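S.K.: Coordinates for the following, if possible.
(one chain, ligands or ions: 2)
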Amino acid sequence: MKIEVEKIKEEEIELTESVKVAEWNLDSFDIKFIDNIELDCKFKRVGREIMVDVCVVTHRMITCSRCLKEAKHTLKQNFTLLYNINELGNYLDLNKGIREEILLNFPMKVLCCPDCKGICNGCNANLNIEKCKCK
Ligand SMILES: [Zn+2]
Ligand SMILES: [Zn+2]
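M.R.: Ligands and ions are numbered 1, 2, ... in the order given. Below is the predicted model:
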């Protein structure tokens with residue numbers, strides 16, 4: 001997301017954008033991003049600073065850490081980015097800042113669903129879809 005610095009005034013303005021995941025190259029060895037990245041940014045000028053309230057929604061395929069099934073996981077993040085006007089050119093480009101936040105805030109443990117029952121250590125049954133066969 002890019003905006004002309006001149007357009008940002010004390011009164012808040014809001015911009016939304018849908019970015020194709022391929023453009024941001026976010027994938028790592030165990031996380032695959034899918035669909036679009038949805039950006040909703042509110043810009044405001046405060047003195048010599050530009051404050052941006054960002055809301056970003058990303059979708060990814062994850063491997064459930066309990067049952068090892070692949071599942072789609074949607075994450076919504078809210079954060080604020082601050083820029084000093086003196087350090088900016090004519091344009092403010094948020095992509096680098098937003099990309100960093102997305103990569104930093106990935107939860108360590110992800111589940112296919114909040115109440116995933118996991119896999120039995122004894123018989124390897126996926127307890128979400130079958131019963132434990134242990135005696
Ligand atoms: Zn699971
Ligand atoms: Zn079992």
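S.K.: Now do the contacts for the residue lying closest to residue 48 once chain neighbours are set aside.
M.R.: Spatial nearest neighbour of residue 48, chain neighbours left out: residue 85 (5.0 Å); criterion: CB to CB, 6 or more residues apart in numbering. Glycine gets a C-beta too; all of them are placed from N, C-alpha and C. For residue 85, the contacting residues are 5, 45, 48, 49, 50, by CB atoms under 8 Å, 6 or more residues apart in numbering.
S.K.: Apply 7 Å and report the result again.
M.R.: Residue 85 makes contact with 5, 48, 49, 50, according to CB atoms under 7 Å, 6 or more residues apart in numbering.
S.K.: before we move on, what about residue 73?
M.R.: Going by CB under 7 Å, 6+ apart, the list of residues near residue 73 reads 60, 62, 110.
S.K.: quick one: buried residues of the lowest-mean-pLDDT helix or strand in the chain?
M.R.: Using mean pLDDT, DSSP states H and E, helix 95-104 stands out as the lowest-scoring helix or strand of the chain, at a mean of 91. Of the residues in helix 95-104, 97, 98, 99, 102 count as buried by neighbour count, 16 or more other CB atoms under 10 Å.
S.K.: which one of those is nearest residue 131?
M.R.: residue 102 (39.0 Å; CB to CB).
S.K.: Would you mind measuring from the closest one to residue 21?
M.R.: 10 Å (CB to CB, to the nearest Å).
S.K.: for ligand 2, what are the nearby residues on the protein?
M.R.: Counting by CB under 5 Å from the ion, the positions of the chain adjacent to ligand 2 are 120, 122, 123, 132, 134.
S.K.: Hmm, the second one is touching residue 134, no?
M.R.: Yes: Residue 122 sits in contact with residue 134 when judged by CB atoms under 7 Å, with a separation of 4.0 Å.
S.K.: now the buried residues of helix 95-104 in a markdown table, with distance to residue 17?
M.R.: Formatted as a markdown table, the buried residues of helix 95-104 follow (distance: CB to CB, whole Å):
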| residue | distance to residue 17 |
| --- | --- |
| 97 | 14 |
| 98 | 10 |
| 99 | 14 |
| 102 | 14 |
